[in-house]
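**Q** Provided below for reference: sequence and predicted model.
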Amino acid sequence: PDDDVDDSKGYILSGILVASVLLKVFISQEGKFLAHTNQTRTASALFRVLFEKMMRLSNSSKNSYESGKIINLMTTDATGAVNFVESFHMLWWSPVHIIVALTLIYFEIGWACFVGVGVIIFFSLIQNLVTKKWVTYHKIMFKEGDMYSKGVKEYIEGIRIIKYYAWEWFAFNKLLKIRKIFLNALFKSMICRAITETLFWVMPSILMLTVFAIYTTEEELTLAKAFTVLALFKILSVPLGWFMLYLLWFVQVRMSIKRIDAFMEAEEISNFEDEQEWDNQVGRVVISNGVFGWESDSATEKAKKFQAVALSAPKKNPPAKPSKESQKEPNSPTSSTKTLQTDGGEEESPKKSDKPIDTKDVPITVTETGDKEASGQKDYKILKNINLNIQPGEMVCIVGEVGSGKSSLCNCILGEMDIIEGSCKKKGSFAYIPQTAWIVNGSFKDNIIMGKEYDERKYEQVLHLCELKNDLDTLPNGDETEIGARGINLSGGQKQRISIARAIYTDADIYVIDDCLSALDAHVGAKVYYNILTGFLQKKTRIFSTNAIHFLKGIPHIVCLRQGEIIEEGSYDQLME
């Protein structure tokens with residue numbers, strides 16, 4: 001040993017080495033903690049935004065974004081994007097790490113390092129081809145996954161009809177066809193992923209062997225240099241391998257973000273104009289020159305964008321056409337002879353369809369082909385020339401023939417229809433009583449309170465007004481009785497009275513009532529009308545759609561509709577004259 005060497009220098013170098021390792025561990029763990037915190041915050045923000053957007057979708061948008069697509073957005077796309085946030089920095093950190101490692105290798109072995117660069121470029125080209133194929137198969141998976149979720153939901157909801165008509169095998173075969181396409185695309189995408197992971201493990205070894213082979217043809221490889229270069233290659237192998245996987249993950253997340261972005265641009269419920277000038281007029285509703293429809297050109301275009309950008313499969317992989325035998329399956333529903341029109345605006349004949357109607361990726365409605373459709377134009381107008389001025393505390397009755405637009409006018413006031421022309425203003429909170437009662441799976445009390453603060457005095461008063469006291473005596477556990485899905489253990493009248501009680505309990509400013517008395521017995525309906533609509537709620541704004549003429553006597557404001565237009569308006573006495 002050299003006596004001139006100071007022993008303290010070795011201790012210092014050892015201390016620096018230990019300190020650098022500890023510093024690396026501390027910085028690495030702190031970085032992971034910050035990345036995980038950022039991931040959690042991003043997840044909270046993204047899921048909240050998606051949920052709020054879902055609640056604000058307009059009726060036309062709901063036709064294009066079924067629950068299956070929204071579930072896939074929440075579970076697959078949003079979750080994948082959130083998980084990627086934690087590892088996002090690997091995309092820029094890995095190339096920097098690779099460049100630094102290659103530079104150090106260059107200082108050790110010279111120009112032979114550039115052979116390694118060539119190997120990296122070669123593997124990158126292979127990875128690029130694999131990624132393109134993977135994207136193709138993933139698009140098919142997105143599309144078929146949405147269709148499968150939609151089909152399962154629809155068949156479960158319609159299980160009674162399927163059982164009644166013995167359509168089990170028909171429904172099963174339709175789902176099986178979609179499932180086979182999805183699984184085929186999934187299998188091919190897994191092959192692409194396997195190739196990527198193979199490159200992950202193979203590329204560093206091939207890179208190292210190639211560089212050493214080229215270097216030894218020109219220079220002698222010493223033991224010290226070999227161990228130094230091996231250590232540098234070990235440093236290089238981790239970012240080089242993971243970079244390929246993160247690149248594939250990035251492509252998947254980019255597709256998911258495109259789907260989320262297209263969903264966020266969907267049409268929302270029509271925004272009401274500024275109502276701040278209406279001081280002390282809570283409960284007022286004013287519609288001026290209003291033209292309303294269930295669909296609009298902008299909503300249709302945005303739905304088409306969602307289909308084209310996020311869900312459409314590549315043209316070179318069209319779905320297989322069903323054979324004539326498969327189109328004539330026994331016990332299958334007969335197809336309509338009318339034109340089938342999709343919400344996306346495309347029309348096609350059932351006889352010339354490329355695929356079964358049950359596997360369409362957008363809802364289908366049957367419509368007659370009118371003059372405007374034949375000329376390539378669509379008329380979305382349902383309500384026209386609507387001018388309505390409802391004062392606070394006023395009761396307005398809407399009457400008209402079946403299909404004249406009474407329910408549409410109620411939904412227009414609620415903001416559920418698209419405003420094509422004119423304006424709609426309102427001030428105050430709303431309570432809506434639909435024609436068909438909506439019941440949740442919960443207790444009798446929960447269906448009335450619906451998350452509101454429990455007020456025993458008001459609750460008892462509501463039960464008395466809605467004639468529900470006698471019904472509680474027949475239930476095994478009173479108001480704690482569990483109500484089955486869709487109110488299966490209640491009669492139609494009981495469900496409707498619970499729906500009315502729920503609206504009254506909310507204590508809203510404006511009540512929109514869409515012919516809710518038609519489901520009640522005559523004597524019960526009369527009690528509910530006089531005790532509630534003209535009695536308990538007399539200081540509230542009430543908009544009542546009905547065909548029961550005997551309830552109109554004495555009403556000061558009656559609106560008569562025909563074919564979506566107001567033809568008469570006035571008091572009962574004025575209209576009778």
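**A** Yes, it's here. Numbers count the residues shown, from 1 in each chain.
**Q** quick check on residue 443: phi, psi?
**A** Main-chain torsions, residue 443, degrees, to the nearest 10: phi -80, psi 170.
**Q** that one against residue 483, yeah?
**A** Yes - Residue 443 lies in contact with residue 483 (Cβ atoms under 8 Å); the separation is 6.8 Å. Bear in mind the C-beta positions are built from the backbone N, C-alpha and C, glycine included.
**Q** higher neighbour count, these two?
**A** Neighbours were counted for residue 443 and for residue 483 using other Cβ atoms under 10 Å; residue 483 has more, 22 against 16.
**Q** and the residue nearest the centre of this protein?
**A** residue 70 (2.5 Å; Cα atoms, centre = their mean).
**Q** residues near residue 65, how many?
**A** Using other Cβ under 10 Å, residue 65 is surrounded by 22 other residues.
**Q** list the residues that contact the closest residue to residue 536 other than its chain neighbours.
**A** Leaving out its chain neighbours, the residue that sits closest to residue 536 by Cβ to Cβ, 6 or more residues apart in numbering is residue 465, at 5.7 Å. Going by Cβ atoms under 8 Å, 6 or more residues apart in numbering, residue 465 touches 501, 504, 528, 531-532, 536.
**Q** top of those residues by neighbour count?
**A** Top of these by neighbour count (other Cβ under 10 Å): residue 501, with 24 neighbours.
**Q** what sits closest to residue 97 if chain neighbours are left out?
**A** Excluding the flanking residues, the one nearest residue 97 by Cβ to Cβ, 6+ apart is residue 239, at 4.0 Å.
**Q** residue 27 versus the one you found, what's the distance?
**A** Look at residue 239 and residue 27: by Cβ to Cβ, to the nearest Å, they are 16 Å apart.
**Q** sorry, back to before: so the residue nearest to residue 97, which of the three states?
**A** At residue 239, secondary structure determined by DSSP: H, G, I helix; E, B strand; the rest coil is helix.
**Q** how about residue 101?
**A** At residue 101, secondary structure determined by three-state DSSP is helix.
**Q** residues near it, how many?
**A** Number of residues near residue 101 (other Cβ under 10 Å) recorded here: 21.
**Q** enumerate every residue touching it.
**A** With contacts defined as Cβ under 8 Å, 6+ apart, residue 101 is in contact with 232-233, 235-236, 239.
**Q** for these, which one is nearest residue 142?
**A** Residue 142 has its nearest neighbour among the contacts of residue 101 in residue 239, at 30.1 Å by Cβ to Cβ.
**Q** so who does the closest one touch?
**A** So residue 239 contacts 90, 93-95, 97-98, 101 (Cβ under 8 Å, 6+ apart).
**Q** show me where pLDDT drops low in the stretch 1-150 of the chain?
**A** Scanning the stretch 1-150 of the chain for pLDDT under 70 picks out 1-6, 68.
**Q** now do the helices in it.
**A** 7-56, 59-64, 67-72, 78-86, 90-109, 113-157 (DSSP state H, counting those that start in this stretch).
**Q** residue 497 is nearest to which of these?
**A** Closest approach to residue 497 among these (Cβ to Cβ): helix 113-157, 25.1 Å.
**Q** excluding its backbone neighbours, what's nearest residue 249?
**A** Spatial nearest neighbour of residue 249, chain neighbours left out: residue 84 (6.0 Å); criterion: Cβ to Cβ, 6+ apart.
**Q** next up, the contacts around that neighbour.
**A** Contact partners of residue 84, counting by Cβ under 8 Å, 6+ apart, are 249-250, 253.
**Q** can you tell me how far it is from residue 256?
**A** From residue 84 over to residue 256 (counting by Cβ to Cβ), the distance is 9 Å.
**Q** what about residue 63, neighbour count?
**A** 21.
**Q** same check, this time on residue 421
**A** Per other Cβ under 10 Å, the neighbour tally for residue 421 reads 14.
**Q** so it touches residue 289, yeah?
**A** Yes - contact criterion Cβ under 8 Å: residue 421 and residue 289 qualify, at 6.5 Å.
**Q** shared neighbours, the two?
**A** Contact with both residue 421 and residue 289 is made by no residue, according to Cβ under 8 Å, 6+ apart.
**Q** how about the strands in the chain?
**A** For the chain, the strands defined by DSSP state E cover 285-293, 340-342, 347-348, 364-366, 383-390, 395-400, 418-426, 430-433, 442-443, 482-483, 510-514, 541-545, 557-562, 565-570.
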